[in-house]
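**Q** Sequence first, then the predicted structure, then my questions.
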Amino acid sequence: MKKIIALLLCLAMMLGCAAMAETAEKELNGELTVNGKFTAKWAAPEGYHLTEMQSDDDGYMIAAFLPENETAGKPVMVVSIAPDELLTDVARLNDLDDEALSKIEATFREEDEVDISYMETSHGTKLMVIKETKENVDYVDFYTIYLGYEIELVLTHTEEMAGTPITDEQIATVVQFLSDLDLIPVKE
């Protein structure tokens, strides 16, 4: 009987430790301040590194998270951040009503036949998820707005892997990355 109780207590302690490990916050290992307006903090997905960022005087920025091992078959994550004159008064995508969201959705539907869904990061940021409806989807687009800036992350394969479908596991990696992404306004 004592062995059974000891075993149950041991099992309960292991489950408690596992639950604490799952809820522990990830260490954010990357940071970027956008034009003195806000800071983006992230934990780069395992097996990825951030390339050098490019920006221009208008506030447009682009970067890519590339697989550390090019032969791993992992897709590239391209991030663009751009101010939008029509969105200067919009703090977050969360703040838009259905009509405004429909107008943004229409811009994505002009280019391809897509399914659009929504998710929310663990920090409360609403994301629009744009996925092609054709077979063998080779890109997925994640879009949000923060302090008048459009933030878009496109998950796609390199030219060598073009036409290879994006897998649910690869999408899950990006969803986890974006769930950990924290956008923080710069205090003036």
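**A** Good, I have the coordinates. What you see is a predicted model, and the numbers here were worked out from it, not measured in a lab. Numbers count the residues shown, from 1 in each chain.
**Q** now this structure, which segments are flagged as low pLDDT?
**A** 1-26, 52, 70-71, 136, 188 (pLDDT under 70).
**Q** what about residue 132, how many neighbours?
**A** 18 (other Cβ atoms under 10 Å). All C-beta atoms are positioned from the backbone trio N, CA, C, and that covers glycine.
**Q** Please tell me how far it sits from residue 81.
**A** Separation of residue 132 from residue 81 (Cβ to Cβ, to the nearest Å) stands at 23 Å.
**Q** What segments of the chain are helices?
**A** 2-23, 98-111, 168-180 (DSSP state H).
**Q** Run through who's touching the second one.
**A** Put plainly, it is helix 98-111. 93, 96, 114, 116, 128, 130, 141, 143 (Cβ atoms under 8 Å, 6 or more residues apart in numbering).
**Q** How about the shortest one?
**A** Counting by Cβ under 8 Å, 6+ apart, the neighbours of helix 168-180 from elsewhere in the structure are 26, 28, 42-45, 65, 74-75, 77, 119, 121-123, 125, 127, 140, 142, 153, 155.
**Q** Which of the residues you listed are buried, as a ChimeraX select command?
**A** Only the buried entries of the contacts of helix 168-180 go into this ChimeraX selection, using 16 or more other Cβ atoms under 10 Å:
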select :42,43,44,45,65,74,75,77,121,125,127,140,142,153,155
